[in-house]
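Enquirer: Fold the following.
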Amino acid sequence: MSPVPAASVDVLESLDWDTFVDAYWDRGPVLIRGAALGVAPFDAHEVFESAVTAARRPSAGPVSFALGPRRLADPGDLLPQPEDGSFARYGRRLLRQSGREPFHLVVRGLHAFHHPVWLRARNFLAGLWDRTGQPLLGASTTLHHGTCGSERLSRTPGATFLYTLLGRPRLRLARAGRWLAARPAPGDLLYWPAGQRYVTESSRSPAGLVHLGVPRTAPGPGHGLRSLLAPGPNPAYPQARWGGDDILVQEDAEGVLDAGEADRAASELLPPVLVDALAHYREAARPTAMRRRLAREALLHATDGGLRPVPPPARPGRFTDDDAVRAVERVVWAETAGRRLVAACGHVLETDLTGAELSAIVGLLNAGEEVPVAELAPSARALMSRLAGFRAVERL
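Expert: Model (predicted):
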């Protein structure tokens, strides 16, 4: 008796987010044709540029490379190089170098290495967030490029959008006691819900895929405490240690406990490194400091598009009196504990502008107005320079 052929997943020839959420979100897999997407969530050239950037520092952990059954600790020039120019040429070079041995390149946190990759993914997800809400846990982006398939049953903890950059991967998805087959073409987007079991088959020709993972579980206890309490950069002075002494307002006695006795006891009982850590956490947990860090985290969440970490900022912009600037991204700000924080594109800074001055400038930017640089005070010019580095404003 011949085996029963696998049925095909549902196919959408047009993407309407309301229809998608009602019919498929958290319910079942669906293949969305590339023509239905309008603007693609990923671009092959931009993804390649991001992979090249990530490959320059593979020891940081986001890049892994396997040749046949072996995972290489030092892949060397087997990683993508600028002179390759594209995934197609990179794949052909690897097949020549390896004697056509199967290979598999993985780059995690893909969006964090190249601003255009983050921007496309953020714009794509914005339509979904409008219907479902942006999760507290950030979405993930992972590049898979090569000829190796998993050939084993896998399961993803979150919802997945699988975008095909090149090649024709073959996937089988387990659903309601049967297998569903999918073979997306370049530009197609395959969705499956959290917990979906699937198999990716090996291919003789290289394929390039980006997994866009969306968390579907609530954060565990203690989520975010590291951002609030652990040593981190002060938005005003990124190089300062322990978040910068000034962010912990030494002169403000609000909420301060008389901990002198406890400090002396701790210094006698604990090693010096733990005494220092205890002092830091006590300072970081003070109400004034905590409010500032909470405001900073809220601004990051409001502007990172659900993808974190965001790519690093560019160099601050340089403007002359003859220049005018205009916002290309939404700018938000908050005032807390006597400080004013400004955020855009998942980056936060601190400004000396007053609340009234900041409200006026941000209002003009978010209204799409041109802002002549010659009319700005020094503090406002410094703000525009930093926002240009965040890629939130442009020179006209």
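
Enquirer: Run a quick neighbour tally on residue 314.
Expert: 11 (other C-beta atoms under 10 Å). Just so you know, the C-beta spots here come from the backbone N, C-alpha and C atoms, and that holds for glycine as well.

Enquirer: same question, residue 181
Expert: For residue 181, using other C-beta under 10 Å, the count is 14.

Enquirer: Would you check that it makes contact with residue 7?
Expert: Yes - Residue 181 is within contact range of residue 7, at 7.0 Å (criterion: C-beta atoms under 8 Å).

Enquirer: quick one: low-confidence ranges for the stretch 201-350 of the chain?
Expert: Applying pLDDT under 70 to the stretch 201-350 of the chain flags residues 220-270, 278, 281, 283-285.

Enquirer: if you set the cut-off to 90 instead, what comes out?
Expert: By pLDDT under 90, the low-scoring segments of the stretch 201-350 of the chain are 201-207, 217-295, 297, 336-339.

Enquirer: Same check on the stretch 1-150 of the chain?
Expert: Looking at the stretch 1-150 of the chain by pLDDT under 90, you get 1-8, 38, 56-61, 68-74, 76, 91, 95-102, 136-137, 146-150.

Enquirer: make it 80
Expert: Residue ranges of the stretch 1-150 of the chain with pLDDT under 80: 1-6, 57-61, 148-150.

Enquirer: Okay, and the beta partners of the residue nearest to residue 142 when sequence neighbours are not counted?
Expert: Excluding its sequence neighbours, the residue lying closest to residue 142 (C-beta to C-beta, 6 or more residues apart in numbering) is residue 211, at 4.5 Å. For residue 211, the beta-bridge partners are residue 142, residue 162 (DSSP bridges).

Enquirer: How about the contacts made by residue 211?
Expert: 140-142, 144, 156, 160-162 (C-beta atoms under 8 Å, 6 or more residues apart in numbering).

Enquirer: so who does the spatially closest residue to residue 78 that is not a sequence neighbour touch?
Expert: Among residues not flanking residue 78 along the chain, residue 65 sits closest, at 5.9 Å (C-beta to C-beta, 6+ apart). Contact analysis of residue 65 by C-beta under 8 Å, 6+ apart lists 58, 71-72, 75, 78-79, 103-106.

Enquirer: What's the first helix or strand after the helix or strand that contains residue 65?
Expert: For residue 65, the element it lies in under DSSP states H and E is strand 63-67. Toward the C-terminus, strand 63-67 is succeeded by strand 70-71 as the next helix or strand (DSSP H and E).

Enquirer: picking up where we left off before, distance-wise, check the residue nearest to residue 142 relative to residue 121.
Expert: 11 Å (C-beta to C-beta, to the nearest Å).

Enquirer: Now do the shared contacts for the two.
Expert: In contact with both residue 211 and residue 121: residue 141, using C-beta under 8 Å, 6+ apart.

Enquirer: Now do the helices for the stretch 1-150 of the chain: every range, in order, please.
Expert: 17-23, 44-55, 87-98, 115-132 (DSSP state H, counting those that start in this stretch).

Enquirer: Contacts for the longest one next, please.
Expert: Right, the one you point to is helix 115-132. Contacts of helix 115-132 (C-beta under 8 Å, 6+ apart): 17-18, 21, 25, 37, 39-43, 46-47, 49-50, 110-112, 134, 139, 141, 212, 214, 304-307, 310-311, 314, 345-346, 391.
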